[in-house]
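Asker: Attaching a predicted model along with its sequence, questions to come.
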Amino acid sequence: MNSSTSFNNFQILKDETLQVLGIQGVVPGDCRLISKDILLKTTYQLSETTLKRVYGFANGKFSSSQYTANVLAEYCGYKGWKDFITRQNAAADVHLPAALSDFRSNVDKITNFTMASLRNKSGIPYSYCLQRSFLTEFIDGFLASKRMGAVLYAPAGYGKTIAICKWIDQVKKETFKVAESDTILFFSSQVLMNAMLTGKDMNQWIMSLLGYRVEDNLMLFFADHEDRKSKFFLIIDGLDPHMFSEEQYDLLLTQLSLLQSLYQEFDWFKVIMVMRTSSWFNSKHLFNSDGINIYSGFPLTSEHSNVPLLTVSEIKTLASNINPTVQHSVDFHLVEYFKYALFYQYFYKENKKDFRLDKVSPLVT
């Protein structure tokens, strides 16, 4: 599978580009001719190397930028990529298998399945776990930034997954100010493995996952709802390489960056990636380019995480959730242990009965 053909619409635009120049079967040498003709007709520059990557001839990863999509669209007679998409949708004989409400119902089924799976894996019973206030502030800042992508990154054991699950619960209970018509599609990296096996690009795979034709795309479901400020949140948990081969992981990141590149003009499309610090540091160059600029929140004490450790108040609140019969206190030197969610999980496992923070634990001694 060639990652440069990651969207049907982008493939159509590539084909139209060849038609403008009168080329039926493109070969590497044609890319120089295309580059010269684009410069002549639009005054914009797309290098021969870039075009070779667009058409799959050059080695290396390719993530189509908004600039590339806009230039190709203008070359084909459109005002830009957004105009091309609008005309494609208007001209298409679209027969959606379900209403927008049914689309959201399909999304909810996947999100609920993911949530149930992750709840069951929680080291501390999920009902005891906290809603982290930092995440509400993070999402507030993300939406205010008008950026289309955000990342939560921290080392393993910081409680990223449970925090995002609790935030989704919060949204569903309507205690968070997300528009009523917004939609959240949430899945883990384990589910993404299926994308590597189907032979589809990420956009096609998401549509088929939701039970729709691979020819459809998310724009069709939101084209008539922009005035209502509807948003589609795509949240991917555990976007880390240990679940994939190196080739699969590279392809996955390339497709995800392409997904963001081609949707970045549409304010209703939002992506939240949850990953380990090392994964983000090794891959952020793919996303923080071509004008995308992923939102990572406010600076914290540590440059290695934008997920704060548990506060003393949170440590005590969690303890009270586990055992409300005790007035919990925690020694100052033990805070350095309990502020790590992973340690708290281990401590709970060893002290489920009569849980108290002041118990002497074999883990500490």
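Answerer: Done, it's in. Because the structure is predicted, anything quoted here is derived from the model rather than measured.

Asker: can you pull out the helices in the stretch 1-150 of the chain?
Answerer: Assigned by DSSP state H, counting those that start in this stretch, the stretch 1-150 of the chain shows helices spanning 8-21, 30-42, 48-54, 66-75, 81-91, 100-120, 133-145.

Asker: Now render the ones you listed as JSON lines, adding distance to residue 349.
Answerer: (Each C-beta comes from the backbone N, C-alpha and C, glycine too.) Supplementary listing: these in JSON lines, determined by distance: least, CB to CB, whole Å:
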{"stretch": "helix 8-21", "distance to residue 349": "48"}
{"stretch": "helix 30-42", "distance to residue 349": "59"}
{"stretch": "helix 48-54", "distance to residue 349": "50"}
{"stretch": "helix 66-75", "distance to residue 349": "48"}
{"stretch": "helix 81-91", "distance to residue 349": "51"}
{"stretch": "helix 100-120", "distance to residue 349": "15"}
{"stretch": "helix 133-145", "distance to residue 349": "25"}
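
Asker: In terms of mean pLDDT, which of the ones you listed ranks lowest?
Answerer: Looking at the helices of the stretch 1-150 of the chain, the lowest mean pLDDT belongs to helix 81-91 (a mean of 78).

Asker: How far off centre is that helix?
Answerer: 24 Å (CA atoms, centre = their mean, to the nearest Å).

Asker: now do stretch 14-30
Answerer: Relative to the centre of its chain, stretch 14-30 is centred 33 Å away, using CA atoms, centre = their mean.

Asker: go on, stretch 336-348?
Answerer: Per CA atoms, centre = their mean, the centroid offset for stretch 336-348 relative to its chain is 28 Å.

Asker: For it, buried residues please.
Answerer: Buried residues in stretch 336-348, counted by 16 or more other CB atoms under 10 Å: 337-341, 343-344, 346-348.

Asker: likewise stretch 307-322?
Answerer: 307-310, 314-320, 322.

Asker: ok, residues contacting that stretch?
Answerer: Stretch 307-322 is contacted from outside by 124, 127-130, 132, 134, 152-154, 158-160, 163, 300, 326, 328-330, 335, 338-341, 344, 348, 355-357, using CB atoms under 8 Å, 6 or more residues apart in numbering.

Asker: rerun at 7 Å
Answerer: 128, 130, 134, 152, 154, 158, 160, 163, 300, 328, 330, 335, 338-341, 344, 348, 355, 357 (CB atoms under 7 Å, 6 or more residues apart in numbering).

Asker: Which pair of the buried residues of stretch 336-348 spans the longest distance?
Answerer: By the measure CB to CB, 339 and 348 form the most distant pair in the buried residues of stretch 336-348, at 14.4 Å.
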